[in-house]
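**Student:** Model the following, please.
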Amino acid sequence: MKLLNLIEMNDNEVYKLGDMWSDNFDYDGMLKAGLKITLKTSIKKMKDLFKSFQDVNYNSEGGHLLHLIKVIESGDNKTGVKHLNNFKDSIRKTLQNLSEVQNPHRKKYGDILNEGRRDDILSKFNENPELQKTIEQFLDHEFNKKTNYKYVNWVLKRNFDDLGNTIISLDNVIDWIEKFDRVRKNLQYKDINQYKNIQDLIDTLEVYGDTKSEEKTKLESGTAKVYEDAEVLIVKPLSQKSSCYYGQGTRWCTSAKSGNQFDNYFGRGPLYYFIYKNLNKDNDYYKIAIHYDVMSNRFKLYDAKDNVNDNLLGFLKRNPAFDSVEKDIEKNHKFDKSKNQKSMLVKLLRTNNFNFSKIRRYVLYDKSVHILGNNDTLVVAKYGEKSIIITVSDDGDEIIFYGPKSNILDKRPTYEMVEYLDMNSDPYDIEFLLSKNTVHTNYKVIRDLFDFFITELHEELSVGNQEGFKFWSPLNSQSNYRFESTNPDNAYIKFLEYIIDQTNEGEPASKRDFLLNVLEKDPEQVVFSGYLSTMFSSMKDAGLVSLYRADTSPYFRYKIGPNYKVWKQGRLKRI
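**Tutor:** As a prediction, the model looks like this:
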C-alpha cells in the first residue's frame, strides 16, 4: 500500500463491492466488507471484492481471498473454512495497524514534509545510509538549489512507497519537475500539489513538445554510435526517433513517418545503419541498413531504396569498420539459449492465467494431482487433499515449492529447473513448449515442475495424510467405469470373485475361461478378444487386478491387484 494512501485515508467515499482505486478510496470500508464474507457469500461478490483488493495493492489479504474463491469453486467447503479464517485474520491485523495513531512510515514522512530542509530531511534517513546518499544527491541537484527546494516536499511525499523505496528514480523525477517548472504557466493546474502522483504529472507533461536541446539529448540517448571515421558512420538506433533521424532520405520502413516498423525489427534484434559520408544521396548504397536476428543468428541487409540485398554482407565485411558491428553483436546481442529459456519459464509462471481445473487431473504415488491454475505468480495445485504451490522468487533466480500452510518445502535454481524440463520434454524441446504458449504446452511444463517436487518430497507430503484414499485414472478416455457399485450382478464383481475362487483352488484365472464358464458366453456369437475389453483394461488401470504372463497355457493370467483391499474399504477413487 502506498504511503499516500496512509496519509490520505480521511474524506473517503463509502466503499461498494468492485470499487477501483480513486483519490478518496474507502480502504476501511473495503476491509470491513471483507469481514462480512462467509462461506455462503456468492462467488460473484467474492470476486468483486478481490478485484478491489488487487487494484489497491492489498495483495496479502487478496491472496487469502483468492485461495478461498478457488476452494469454494471446487466444492471443498472444509478447506474453505481455513482460508476464510486466514483471510479475516489478515484483515484484522491490517485494521489494527491502521488504527494506530502513527504508522512508523507515516510518522517519518510526515515529519519530513513539515521540516523540508536539507539537513533535517537527511537526518530522517540515518537508518538507511544507501537511501540517505540517494536523497542527498537529489537534494544537492543544481535544480533544487536554484528553486530553493520548492518541489522537494511534493517529491518525497509522492514518490515513496510505504517501505521507503522510490517509485521512480530521483534522476528521472528531476527531469520531469524541471520541465514542469519551465512550462507550468501554460498548464491548467499550475500548482504541483494538484497532481496526485508522479505518473499523473508525467501524463500531463508528455503532450508538450521538447526544446531543441531536449530533442538533441533524447536523440543522443536513443542512439549508440558503433564506429566513425572520415568516411563511415555506423549507428545503432535505440528508439524510433533515432531511427527516423538517421534513416532520413531512405525508404526504410524503420524510418517512415507513418506505419513505422522500428519496434517490430528492434524486438527481434539490433539495427545498424552503415552511412557513407562521401556518397551522394542518389547512390543506392549511401546508407545500408543491417538487421541482425538474434534467434536465427542471421543478417538481413537493405539498400537506401529498401531493396533486400544479402550480397552486401560480403561487400561490407571487406571494410574494417564492419568489425565494430560484429564486436557489438558478440558483446551485447549474442543469443544465450539457457538465459532465454530461463526468462521464458519465469514469464510463464508470472504472467499466464491457467485454466486447468476441469481437465488437468492425474495420479502420482497413488494420490490425485489436481492443477487448479494460477494468479499473482502462484501456481496452485492439490496433492491428495493438500494444497501445494509453485512460485518464482522476486529476482527470478529460484523456483520455490510450498507445501500445506504455505511452508517452503524446497527451492531450486531456475536454470536447474530449465535443465530438468529440457530432459523431460520429449518429443519437443523446452523452448518449443514455452514459445507455443497454449493450455496444452503450458500444462505439460507445469505438470513436469510439480512432478519433480512431488517425486522429491512425496513421502513428506504423505505424512499426516488422513484421507487415506488411493486414486486412479483410466488410460482409455472412453471408459465410464468407476467401480463404486458392489452389486453382485455386475460383471466386474463376478470377475473379482472368479479370480479369488480360482486362486484358492490353485487354478489359473483367464479372461476366456471367465467368459465361457462364468458369464456362459458362446464363442460362436461373441468375439472374446474384444468383449468387455474396456472393463478389463479399466480394472487393471484401477489396480483391482493384475495381468501377468505364464509359460504354459493360458499364457495371460489374472490375479487380484494391489488396490483390491483399498477398494473393499471404499477408499479407491477415480479422478
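**Student:** For the rest of this, base every contact and every neighbour count on C-alpha atoms.
**Tutor:** OK.
**Student:** List the buried residues in stretch 319-337.
**Tutor:** 321-322, 325, 329, 333-335 (16 or more other C-alpha atoms under 10 Å).
**Student:** Of those, which belong to helices?
**Tutor:** Among these, the residues falling in helices (DSSP state H) are 322, 325, 329.
**Student:** Sort these by pLDDT and name the bottom one.
**Tutor:** By pLDDT, I329 ranks lowest within these, coming in at 90.
**Student:** can you tell me how far the residue most central in space within the chain sits from F483?
**Tutor:** What sits nearest the mean C-alpha location of the chain, by C-alpha atoms, centre = their mean, is R350, with 1.1 Å. Separation of R350 from F483 (C-alpha to C-alpha, to the nearest Å): 40 Å.
**Student:** now the closest residue in space to Y273 that isn't next to it in sequence, what's its secondary structure?
**Tutor:** Nearest residue to Y273 in three dimensions, chain neighbours excluded: A289, at 4.7 Å (C-alpha to C-alpha, 6 or more residues apart in numbering). Following DSSP: H, G, I helix; E, B strand; the rest coil, A289 is assigned to strand.
**Student:** how many other residues sit next to A289?
**Tutor:** 25 (other C-alpha atoms under 10 Å).
**Student:** check contacts around it.
**Tutor:** 271-274, 301-304 (C-alpha atoms under 8 Å, 6 or more residues apart in numbering).
**Student:** try 7 Å
**Tutor:** 271-274, 301-303 (C-alpha atoms under 7 Å, 6 or more residues apart in numbering).
**Student:** ok, now D48?
**Tutor:** Contacts of D48 by C-alpha under 7 Å, 6+ apart are 17-18.
**Student:** Secondary structure element holding it?
**Tutor:** helix 43-55 (DSSP states H and E).
**Student:** how far off helix 43-55 does the helix or strand following that helix point, in degrees?
**Tutor:** Next helix or strand after helix 43-55 toward the C-terminus (DSSP H and E): helix 59-73. For helix 59-73 against helix 43-55, the angle by axes from the mean of the first three to the mean of the last three C-alpha atoms, to 10 degrees is 160 degrees.
**Student:** gap between the two ends of stretch 372-381?
**Tutor:** 5 Å.
**Student:** buried ones in that stretch?
**Tutor:** So stretch 372-381, judged by 16+ other C-alpha under 10 Å, has buried residues 372-381.
**Student:** now stretch 475-486
**Tutor:** So for stretch 475-486, counting by 16+ other C-alpha under 10 Å, buried means 482-483.
**Student:** Residues contacting it, please?
**Tutor:** 493, 534, 538, 541, 574.
**Student:** Tell me the one of those nearest E61?
**Tutor:** Closest approach between the contacts of stretch 475-486 and E61, by C-alpha to C-alpha: R574, at 35.1 Å.
**Student:** Mind pulling up the pLDDT for the closest one?
**Tutor:** 81.
**Student:** and it, bridged to which residues?
**Tutor:** W472 (DSSP bridges).
**Student:** For it, give me its contacts.
**Tutor:** 471-473, 482.
**Student:** Just send these back as CSV, with distance to L31 and pLDDT too.
**Tutor:** Output for those, formatted as CSV (distance: C-alpha to C-alpha, whole Å; pLDDT from 0 to 100):
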residue, distance to L31, pLDDT
F471, 40, 77
W472, 43, 80
S473, 43, 81
R482, 45, 87
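**Student:** Now list the buried members of those.
**Tutor:** 471-473, 482.
**Student:** Backbone dihedrals for K411, please?
**Tutor:** Taking degrees, to the nearest 10, you get phi -150, psi 140 for the backbone angles of K411.
**Student:** so where do the strands sit in the stretch 101-250 of the chain?
**Tutor:** 223-228, 232-237 (DSSP state E, counting those that start in this stretch).
**Student:** go on, the stretch 401-550 of the chain?
**Tutor:** Using DSSP E, counting those that start in this stretch, strands in the stretch 401-550 of the chain cover 408-413, 470-472, 545-549.
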